[in-house]
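>>> next come a sequence and a model predicted from it.
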Protein chains: 2
Amino acid sequence: MSDFVITTFDWVPELPRGFVRDIRLRWALEEAGLPYKIESTPFHHRNDEHLAHQPFGQVPWLTHGDISIFESGAILLYLAEQSPVLMPRDATERLKVIEWLFAGLNSVELASVPWSIFMFSDDTELTPGRKHLNDFLASRLRHMEKILAQREWLASTFSIADIVMSDALRLVDRFDQLEGHPACREYVSRATARPAFIKAHEDQMAFYAAADEVAR
Amino acid sequence: MSDFVITTFDWVPELPRGFVRDIRLRWALEEAGLPYKIESTPFHHRNDEHLAHQPFGQVPWLTHGDISIFESGAILLYLAEQSPVLMPRDATERLKVIEWLFAGLNSVELASVPWSIFMFSDDTELTPGRKHLNDFLASRLRHMEKILAQREWLASTFSIADIVMSDALRLVDRFDQLEGHPACREYVSRATARPAFIKAHEDQMAFYAAADEVAR
């Protein structure tokens, strides 16, 4: 069987390091113990080959033999089909993983990522829209707090849904905005204490540190 | 086989009518010609039964026999497994539908929904964060324009990916912000001219008009 190949940017600024989305794929592949390689595409020039694999000029994309897939959510679902460690085979549990995968991406991250755009811009002005955006995130966190107070992982075991949800909440935690949400914080701690996350995170940081060396 | 049951709010304000997310499920079920029923849950009181089906207190959720699923993306994927009209059975085409489904939700809608929160608030103040948010959406639209200029539907035939993507772009079009993006506008027109969309939209509007009558 051919290797899984993750393509990510050859360099990124300091700010996104540790959060570039290839981390979700590295994490999943480490959890599953599947062999993979990392390749890179220029950050400063989104060429035609890049756009052929990832039409928004973003990263990551995954290749596996003749297959090329973009969107980390779609890639995680593809990887989960390769290993029961990432998604149980039982039909009911499988559905639970899939609904929580979408919830992480389209309910929580839909609120947290735009909110982070304002936070990264040091933009604290409470305009009417910003107030609604803050309330939107606060509502999502309030619901997640209740849910996570009652369970260890979103489905019966750790899955791709937890990779997405904990990574989405980790971004909120980066700005110390999980205060008052102890169950969310403990969930992030629990997820990021997993050896597969630690390895994925260290590898991404080392990859960009090495890129700095080359550029120097 | 048991019917599909979509649960939505019993009433919503004027603003979201025609855009409540049950429309995506109605649309898919109409396309597939699968029988379904509509049930409702109180808009003004998110009760425990509601939260048991949909942990964020949102709508819709779908039941099908013993199965209950939330997140419209997850539900569309579940429905697509029931009908090749919603997702081709060929493995490569299937992957294409799935990656574009996630792209609609996590690349385009991640930009368009938060942007719409500001638009609905009549918030036009160009703070630094807002400028980045506008640029984020503009970049997504620029890429979608190139993609849609070259194809009729995202995969080889109409699929659940088009339901999500065209509905996400329809929200942008609502604020006349697809000007300068003719391929995106034509795509929205093409999708919303489908009999299944027209039926789904009319049914949702009629459902809330009837709710007003009851309230009167």
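Good, I have the coordinates. Numbers count the residues shown, from 1 in each chain, chains lettered A, B, ... in the order given.
>>> okay, helices next: where are they in chain A?
A:22-32, A:48-53, A:72-80, A:91-102, A:109-120, A:128-148, A:160-174, A:182-192, A:195-215 (DSSP state H).
>>> show me the contacts for residue A:5.
Applying CB atoms under 8 Å, 6 or more residues apart in numbering or on different chains to residue A:5 gives the contacts A:36, A:37, A:38, A:39, A:62, A:63, A:64. Quick note: C-beta positions are derived from backbone N, CA and C, even for glycine.
>>> what bridges to it?
residue A:37, residue A:63 (DSSP bridges).
>>> what score does residue A:53 have for pLDDT?
pLDDT, residue A:53: 97.
>>> leaving out the residues flanking it, which one is nearest to it?
residue A:61 (4.4 Å; CB to CB, 6 or more residues apart in numbering or on different chains).
>>> count of residues packed around the spatially closest residue to residue A:181 that is not a sequence neighbour?
Using CB to CB, 6+ apart and skipping residues adjacent in sequence, the residue nearest residue A:181 is residue A:145, 4.8 Å away. By other CB atoms under 10 Å in any protein chain shown, the residues close to residue A:145 number 17.
>>> give the contact list for residue A:145.
By CB under 8 Å, 6+ apart, the neighbours of residue A:145 are A:181, A:182, A:183, A:184.
>>> go again using 10 Å as the cut-off
Going by CB atoms under 10 Å, 6 or more residues apart in numbering or on different chains, residue A:145 touches A:178, A:180, A:181, A:182, A:183, A:184, A:185, A:187.
>>> again with residue A:55
A:61, A:70, A:71, B:99, B:100, B:103, B:107, B:143, B:144, B:146, B:147, B:154.
>>> hmm, which of these are the buried ones?
Listed as buried from the contacts of residue A:55 are A:61, A:70, A:71, B:99, B:100, B:103, B:107, B:143, B:144, B:147, B:154; burial here means 16 or more other CB atoms under 10 Å in any protein chain shown.
>>> want to try TSV for those residues, with distance to residue A:12 and pLDDT as columns?
Below are the buried ones among the contacts of residue A:55 laid out as TSV (distance: CB to CB, whole Å; pLDDT from 0 to 100):
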residue	distance to residue A:12	pLDDT
A:61	16	98
A:70	18	98
A:71	19	98
B:99	23	98
B:100	25	98
B:103	21	98
B:107	18	97
B:143	19	97
B:144	24	98
B:147	24	97
B:154	28	98
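>>> from those, pick the one nearest residue A:203.
residue A:61 (17.7 Å; CB to CB).
>>> look up how far residue A:106 lies from the closest one.
Distance from residue A:61 to residue A:106, counting by CB to CB, to the nearest Å: 20 Å.
>>> and the residue nearest to residue A:181, what pLDDT?
98.
>>> what about it, distance to residue A:180?
Counting by CB to CB - residue A:145 and residue A:180 are separated by 8 Å.
>>> rewinding a little: so which of the contacts of residue A:5 is the most crowded?
residue A:62 (24 neighbours).
>>> for it, which non-adjacent residue is spatially closest?
Nearest one to residue A:62, counting by CB to CB, 6+ apart, is residue A:75 at 4.6 Å.
>>> residues in contact with the one you found?
A:4, A:6, A:21-22, A:24-25, A:28, A:60-62, A:64, A:69, A:160, B:95, B:98-99, B:102.
>>> same thing with residue A:87?
A:28, A:76-77, A:79-81, A:93-94, A:96-98, A:101, A:155, A:157, A:159-161.
>>> excluding sequence neighbours, find me the nearest residue to it.
The nearest residue in space to residue A:87 (CB to CB, 6+ apart) is residue A:80, at 3.7 Å.
>>> now the nearest residue to residue A:190 once chain neighbours are set aside: how far from chain B?
Among residues not flanking residue A:190 along the chain, residue A:152 sits closest, at 7.1 Å (CB to CB, 6+ apart). Remark: distance between residue A:152 and chain B (CB to the nearest CB, to the nearest Å) = 16 Å.
>>> tell me if I'm right that residue A:152 and residue A:162 touch.
Yes: the criterion here is CB atoms under 10 Å, and residue A:152 meets it with residue A:162 at 9.2 Å.
>>> of these two, who's got more company?
residue A:162 (26 against 12).
>>> OK, contacts around the more buried one?
Residues near residue A:162 by CB under 10 Å, 6+ apart: A:27, A:31, A:86, A:97, A:100-101, A:104, A:152-155, A:187, A:190-191, A:194, A:197.
>>> just the buried ones from those, in ChimeraX syntax?
The ChimeraX command for the buried members of the contacts of residue A:162 (criterion: 16+ other CB under 10 Å) is given here:
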select /A:27,31,86,97,100,101,104,153,154,155,187,191,194,197
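>>> what's the neighbour count on residue A:183?
16.
>>> check contacts around it.
A:144, A:145, A:146, A:147, A:148, A:149, A:150, A:151.
>>> any idea how far it is from chain B?
Residue A:183 is 13 Å from chain B, by CB to the nearest CB.
>>> measure stretch A:63-77 end to end?
Using CA to CA, to the nearest Å, the end-to-end distance of stretch A:63-77 comes to 14 Å.
>>> what bits of chain A have low per-residue confidence?
Chain A contains residues with pLDDT under 70 at A:1.
>>> mark out where each domain of chain A begins and ends.
A:4-85+A:196-215, A:91-194 (automatic domain parsing).
>>> export those to JSON lines and tack on distance to residue B:209?
Listed next are the domains of chain A as JSON lines, based on distance: least, CB to CB, whole Å:
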{"stretch": "domain A:4-85+A:196-215", "distance to residue B:209": "36"}
{"stretch": "domain A:91-194", "distance to residue B:209": "27"}
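>>> mean neighbour count, these: which tops it?
domain A:91-194 (a mean of 19; mean count of other CB atoms under 10 Å in any protein chain shown).
>>> ok now it, how far from the chain's centre?
Chain-centre distance of domain A:91-194: 11 Å, with CA atoms, centre = their mean, to the nearest Å.
>>> start and end of that domain, how far apart?
26 Å.
>>> again, but for stretch A:3-23
Stretch A:3-23: ends 17 Å apart by CA to CA.
>>> again, but for stretch A:29-47
End-to-end distance (CA to CA), stretch A:29-47: 27 Å.
>>> ok, the nearest residue to residue A:207 once chain neighbours are set aside - contacts?
Nearest-residue entry for residue A:207: residue A:38, 6.7 Å, with adjacent residues in sequence omitted and distances by CB to CB, 6+ apart. Contact analysis of residue A:38 by CB under 10 Å, 6+ apart lists A:5, A:6, A:7, A:8, A:22, A:25, A:26, A:60, A:203, A:204, A:207.
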